[in-house]
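Asks: all I have is the shape, not the residue letters:
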């Protein structure tokens, strides 16, 4: 029993160094009793800034570096982490890392297709697969996959991104049914236009006319939803795709 009491509980957020990922790290630190594992690929300075925000919010955290698209690197990083945290248990997994390489499909080079698929879809597998067994043994877990309105309705110029996110939606629904008996939930969150680095190039004034709410969303609004899904309050919600898009795809 004492071993159980000593367990330190963690929430892993991939791509946690900026944008929606950073907002999620900060919100989880405010709302839930988890140490935050902030994953980054290349931007260590940005990840350190996220860690400062987590600490400012009264939470604790640490950085973990790996490229979600690199199967071996993810596995060895997580193995090392477990080796160094014998009493650590990752209860929450937020698969947030993703990239876009937009362009019309007819001119899309193979690497723009495979890079986007490898990060969003294979990244989900690479991170979740090594951790799922521990969640099942633990008989508790929350897996939250960040998808997109593009994965639901398809967005022209984003055939690669729409394909990747659509596939993660299918995986979310299937995995949810496999693990529900063990009190592990699997849900997807599908943001529309959210103000981040990723959307900074877009013409906000023009595009917000498409949104019934007539504005872009804030990263914090997405983070509140993720925080709820990561909590014990959401135990009867699984296999769901929750839209947060101001009504653009309602």
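Replies: In hand now; what should we look at? Note that the coordinates shown come from a computational prediction; the quantities given were computed from them, not determined experimentally. Numbering: from 1, shown residues only.
Asks: C-alpha only now, for contacts and for neighbours.
Replies: OK.
Asks: contacts only, for the closest residue to residue 139 other than its chain neighbours.
Replies: Among residues not flanking residue 139 along the chain, residue 182 sits closest, at 4.8 Å (CA to CA, 6 or more residues apart in numbering). Residue 182 is in contact with 136, 139, 140, counting by CA atoms under 8 Å, 6 or more residues apart in numbering.
Asks: just residue 247 next, same as before
Replies: Contact partners of residue 247, counting by CA under 8 Å, 6+ apart, are 211, 212, 213.
Asks: which residues are contacting stretch 108-123?
Replies: 68-71, 95, 97-102, 160-161, 163-165, 167-168.
Asks: helices of the chain, start to end?
Replies: 2-5, 19-31, 44-56, 71-84, 110-117, 123-138, 149-153, 159-179, 204-207, 219-229 (DSSP state H).
Asks: report the buried residues of the fifth one.
Replies: Same thing as helix 110-117. 112, 113, 115, 116, 117 (16 or more other CA atoms under 10 Å).
Asks: and the pLDDT at the first one?
Replies: Looking at residue 112, its pLDDT is 98.
Asks: residue 20 versus that one, what's the distance?
Replies: Counting by CA to CA, to the nearest Å, the gap from residue 112 to residue 20 is 23 Å.
Asks: could you do the last one as well?
Replies: Going from residue 117 to residue 20 by CA to CA gives 20 Å.
Asks: quick one: find the helix or strand in the protein with the lowest mean pLDDT.
Replies: In the chain, the helix or strand scored least confidently by mean pLDDT, DSSP states H and E is helix 2-5, which has a mean of 51.
Asks: quick check on the residue most central in space within the chain: phi, psi?
Replies: Among the residues of the chain, the one closest to the centroid is residue 96, at 2.3 Å (CA atoms, centre = their mean). Torsion angles at residue 96 (phi, psi; degrees, to the nearest 10) stand at phi -110, psi -30.
Asks: which residues touch it?
Replies: 13, 14, 15, 16, 20, 21, 145, 146.
Asks: most neighbours, which of these?
Replies: When neighbours are taken as other CA atoms under 10 Å, the top entry among the contacts of residue 96 is residue 16 (31 neighbours).
Asks: residue 40 is in contact with that one, correct?
Replies: Yes. In terms of CA atoms under 8 Å, residue 16 counts as a neighbour of residue 40; the distance is 6.1 Å.
Asks: list residues touching both of the two?
Replies: Common contacts of residue 16 and residue 40 (CA under 8 Å, 6+ apart): residue 47.
Asks: any stretches of the protein with poor pLDDT?
Replies: Counting by pLDDT under 70, the chain has low-confidence residues at 1-5, 198, 200, 250.
Asks: try 80
Replies: Along the chain, the parts satisfying pLDDT under 80 run over 1-6, 197-202, 249-250.
Asks: ok so, going back, same list (the helices of the chain) but as CSV, adding distance to residue 246.
Replies: Shown next, in CSV, are these (distance: least, CA to CA, whole Å):
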stretch, distance to residue 246
helix 2-5, 42
helix 19-31, 16
helix 44-56, 26
helix 71-84, 35
helix 110-117, 25
helix 123-138, 26
helix 149-153, 11
helix 159-179, 19
helix 204-207, 12
helix 219-229, 11
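Asks: tally of neighbours for the residue lying closest to residue 12 once chain neighbours are set aside?
Replies: Leaving aside its sequence neighbours, residue 12 sits nearest to residue 37 (CA to CA, 6+ apart; 4.5 Å). Per other CA under 10 Å, the neighbour tally for residue 37 reads 23.
Asks: got the contact list for residue 37?
Replies: Taking CA under 8 Å, 6+ apart, one finds 10, 11, 12, 13, 61, 62, 63, 64 in contact with residue 37.
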